[in-house]
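Trainee: How does the following fold in three dimensions:
(4 chains)
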There are 2 protein chains.
Amino acid sequence: MTRKPQRATLADVAREAGVSMMTVSRVIHGTGRISDETRQHVREIIEKLEYRPNRAARTLVTKRTYMIGFVAPDITNPYFTEILQGVEEFFWREGYNVMLANSNENPEREKAILDQLESTMVDGIIVCSSRLSDDELIPLIEKHSAIVVVNRNLPHHLGSVVTTLHPRGYRAVLAAKYLYETGRRRIGYVNLVRSISSVNLDMFMQELQALHIPVNPSWYATCKPTWQAGYETGKVLLAEHPELDAVIAGNDLVALGVMRAAVEQGLRIPQDLALIGGDDILMASQVTPPLTTFRSDKYHIGTMAAELLLRRVEGDLTYYEHHYDDVLIIREST
Amino acid sequence: MTRKPQRATLADVAREAGVSMMTVSRVIHGTGRISDETRQHVREIIEKLEYRPNRAARTLVTKRTYMIGFVAPDITNPYFTEILQGVEEFFWREGYNVMLANSNENPEREKAILDQLESTMVDGIIVCSSRLSDDELIPLIEKHSAIVVVNRNLPHHLGSVVTTLHPRGYRAVLAAKYLYETGRRRIGYVNLVRSISSVNLDMFMQELQALHIPVNPSWYATCKPTWQAGYETGKVLLAEHPELDAVIAGNDLVALGVMRAAVEQGLRIPQDLALIGGDDILMASQVTPPLTTFRSDKYHIGTMAAELLLRRVEGDLTYYEHHYDDVLIIREST
DNA sequence: CTGTTAGCGCCTTCAG
DNA sequence: CTGAAGGCGCTAACAG
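Mentor: Numbers count the residues shown, from 1 in each chain, chains lettered A, B, ... in the order given. Below you'll find the model as predicted:
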């Protein structure tokens, strides 16, 4: 039982076919001029020997791995999963594979990942919603030539970006405005820990004040972008501030956690408490009441990021940016 | 602007440190006896030159890629995502990376993936809920030495497996039994297209009959394991069979799709229609009414699969099987 | 249209 | 304790 069935090599095929290795290499890549009959013959031998090119050997000489790194903070969050689906699909068609690295919402882990993702193992990297500060992120990625970041800005020479069309804090302020217009006066906010979706609370308050929307620092909390964190944060926030008549959350998972906490405290939604999320995951539309949130085309964000990355991988180091729209989807939670 | 900053090689480090390449290689791997001062000196040079070993070169000689392939039918399904999280976490700790391949519920795509996942690019493969028949799957994987399949059986010499503790069809029959005991008499079933969770309907009916539970072939449908498919299938099934007072679905996403269809048709759950799902994704507990379903520890399924795979990767080709339990979680949809 | 030569960067083996 | 030689499997750059 030989379980490591010595794969045939180029040399084996060449010998068996009575041609040189180059000829075989050429028929495999479809490059150069080869007579139809040699090509045909070589193909048969390849088939017969079940020859498959050795990736490592090829990589060693071409310096291309045909592997892309995808780093995201939480692959169980449907938001990232949908982006990943777009990325994987795009690159699969282009003959690249996707390597996954999950930072688990842990900045140290994210650093370790970026540090270890040597340029000899991937041709390019997509970094989603990095939790790192510029000072931390930049040194880690400037070694890599092909980088695309999603939901974050970057000095132009370092890589391309895919971000929302709107300025930072847009969603939070728009949500607050909408809530105010529908009669809410004490609007809480559950911010996300460091990410593009995390909002500068000072700015947020300033903007609300400009709109004459009541503001109160103790109505605002921060948590990790998970359901559990939203639930726990919601419990505390709502218990300490029963006066709140609305809560905006940084993403849907958190909003849904808050919703659960609210229901457990006997609050009726939307009568007692209005709720707005942030990324329109499937679950948002299926809970009762359905969650008002912002929608963006996550799959498309993934394919856009992939497309921009491919350009860099292929040597076009121009800075590009793609922007997606966030549109408010009004459902029954408000 | 040199964006491909010629990485230092072993030879560079050796030259700079005034030692041989072997010495450098040894300090990197911590093998062989090296004097403390040479080791120290070499380390400094490595640091200074920011030397990182070239993966491809190493792979070429050691035949180890430190890359694992994970193939699943749908990475947007939380069920697979949680398994993947376990796999990724486990292998990250072991110094391996995980390459993702999404077959998109498409058997042809799955075949192509397995065929192209040459043994030269991954050290091992985890195949989740394959949609392929044995005749299709076996030839594709027997070339690979390290395989673990999840939710499926396999001839013992081909790889290890992680499956449920219970016989095929267990969940469906148990669900039906429970529904019958709680007074339901016309129980529909939405089966999943080919997978271990897909049930042999003849057997299913036989078992129900043995339990004196009413049976009717037209109460049973089959669909892809997605929310959308469940929704559409549910619409048709419920419209054509208004007599149904319960529906069991192959997984939660489908059950939730059926739930939506039922609600749209004005059915009250559970009064008019009881509903049971299959894998306890987060959404199941958050909808109204919460879904009765089966729970298994998905993250743990992932780490178990990873552990079994690692054994094979490291040369232990013994057949192992790990089993997980599915326990019925009764919530308010029944 | 096809072949030859020369490595890619590293590790294994065998000498010192 | 350290080094020199050879080769992993492939392709780029020239020759013919």
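
Trainee: in the stretch 1-150 of chain A, which spans are strands?
Mentor: Assigned by DSSP state E, counting those that start in this stretch, the stretch 1-150 of chain A shows strands spanning A:67-72, A:97-102, A:124-128, A:147-150.

Trainee: Could you tell me which ranges of the stretch 51-200 of chain A sit under the pLDDT cut-off?
Mentor: Where the stretch 51-200 of chain A drops to pLDDT under 70, the residues are A:195-198.

Trainee: Minimum distance to DNA strand D, which residue of the stretch 101-250 of chain A gives it?
Mentor: A:Thr120 (13.5 Å; C-beta to the nearest atom of the strand). In this view, the C-beta of every residue, glycine as well, is placed from N, C-alpha and C.

Trainee: that older thread, can I get the strands of the stretch 1-150 of chain A in CSV with distance to chain B and mean neighbour count?
Mentor: Shown next, in CSV, are the strands of the stretch 1-150 of chain A (distance: least, C-beta to the nearest C-beta, whole Å; neighbours: other C-beta atoms under 10 Å in any protein chain shown):
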stretch, distance to chain B, mean neighbour count
strand A:67-72, 7, 25
strand A:97-102, 5, 23
strand A:124-128, 12, 28
strand A:147-150, 10, 26
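
Trainee: What residues does the stretch 1-150 of chain A have near DNA strand D?
Mentor: Applying C-beta under 7 Å from any atom of the strand, we find that the stretch 1-150 of chain A lies next to DNA strand D at A:9-11, A:21-22, A:25, A:28-29, A:51, A:53-54, A:57-58, A:60-62.

Trainee: Please list all residues in contact with the residue nearest the centre of chain A.
Mentor: Geometric centre of chain A, nearest residue: A:Cys128, 3.8 Å, by C-alpha atoms, centre = their mean. The contact partners of A:Cys128, by C-beta atoms under 8 Å, 6 or more residues apart in numbering or on different chains, come to A:70-73, A:80, A:83, A:149-151.

Trainee: next one: A:Leu309
Mentor: A:Leu309 neighbours (C-beta under 8 Å, 6+ apart): A:68, A:124-126, A:146-148, A:160.

Trainee: from the residues you listed, which is closest to A:Lys224?
Mentor: A:Lys224 lies nearest to A:Ile126 out of these, by C-beta to C-beta, at 21.5 Å.

Trainee: Looks like the closest one contacts A:Phe70 (just checking).
Mentor: Yes: between A:Ile126 and A:Phe70 there is a contact at 5.1 Å, judged by C-beta atoms under 8 Å.

Trainee: who touches both of the two?
Mentor: Counting by C-beta under 8 Å, 6+ apart, the residues touching both A:Ile126 and A:Phe70 are A:Val87.

Trainee: mind listing the helices for the stretch 151-300 of chain A?
Mentor: A:170-181, A:201-210, A:227-240, A:252-264, A:282-286, A:298-313 (DSSP state H, counting those that start in this stretch).

Trainee: and A:Glu108, how far is that from A:Leu137?
Mentor: 13 Å (C-beta to C-beta, to the nearest Å).

Trainee: again, but for A:Gln40
Mentor: Applying C-beta to C-beta, the value for A:Gln40 to A:Leu137 is 52 Å.
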